[in-house]
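A.B. asks: Quick check, what structure comes out for this input:
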Amino acid sequence: MIGREEKTKLIELARTAMPNAHAPYSGYRVGVALLTDRGNYYRGCNVENAALSITLHAEMTAIASAVAAGEKNFLALAVFTPAEYPPFPCALCRQALIEFNRGEMLIIATGKDGKSRETTLAELYPHPFSPFHLLSGDKKT
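C.D. replies: You can find the predicted model right below:
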């Protein structure tokens with residue numbers, strides 16, 4: 001698990017990423033910060049598009065930044081929204097995160113009042129489709 005200092009830094013990085021969100025359609029800004037096993041942090045924010053199906057979730061932009069930098073083992077993620085009751089990552093983002101963690105990842109959701117809720121990826125997504133499913137069993141060509 002990660003310590004209090006890492007949690008505090010994750011939340012602050014997520015909070016400072018949120019104003020960068022491009023959310024002209026929903027007005028719902030989200031910032032995230034991702035911590036890797038190498039001790040590096042990657043920020044992300046949501047990027048909406050008029051063609052809504054290509055909108056990027058904040059978690060996805062942080063994942064893409066980390067992977068582009070050669071990181072593929074994630075320890076924790078903080079989500080910040082200016083909501084009273086901030087959400088945990090959606091189902092699509094949970095699926096994306098499981099690709100880089102077996103479920104032990106800490107997930108922190110923080111809102112405008114600074115109160116946080118914590119859980120693990122495994123608790124949020126108990127029965128994922130994961131790389132393990134593709135790597136097990138017979139491979140037929």
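
A.B. asks: Report all helices and strands that the top helix by length along the chain contacts.
C.D. replies: Ranked by number of residues, the top helix in the chain under DSSP state H is helix 4-17. Counting contacts by 3 or more Cβ pairs under 8 Å, 6 or more residues apart in numbering; DSSP states H and E, helix 4-17 packs against strand 31-36, strand 41-45, strand 74-80, strand 106-110. The way it works is simple: take the backbone N, C-alpha and C, and place the C-beta from them, glycine included.

A.B. asks: Can you say which of the ones you listed is nearest to Leu135?
C.D. replies: strand 74-80 (18.7 Å; Cβ to Cβ).

A.B. asks: mind listing what that closest one pairs with, with the direction of each?
C.D. replies: When pairing is defined by DSSP bridges, strand 74-80 lines up against strand 31-36 (antiparallel), strand 106-110 (parallel).

A.B. asks: For that strand, give me every contacting residue.
C.D. replies: 2, 6-7, 10-11, 13-15, 17-18, 30-37, 58-59, 62-63, 66, 86-89, 97, 100-101, 105-111 (Cβ atoms under 8 Å, 6 or more residues apart in numbering).

A.B. asks: how about Ala66, what does it touch?
C.D. replies: With Cβ under 8 Å, 6+ apart, Ala66 has these contacts: 34, 36, 40, 42, 72, 74, 100.

A.B. asks: can you rerun that using 7 Å?
C.D. replies: 34, 36, 42, 74 (Cβ atoms under 7 Å, 6 or more residues apart in numbering).

A.B. asks: neighbour-wise, which of the residues you listed leads?
C.D. replies: Scoring the contacts of Ala66 on neighbours with other Cβ atoms under 10 Å, the highest-scoring entry is Leu34 at 28 neighbours.
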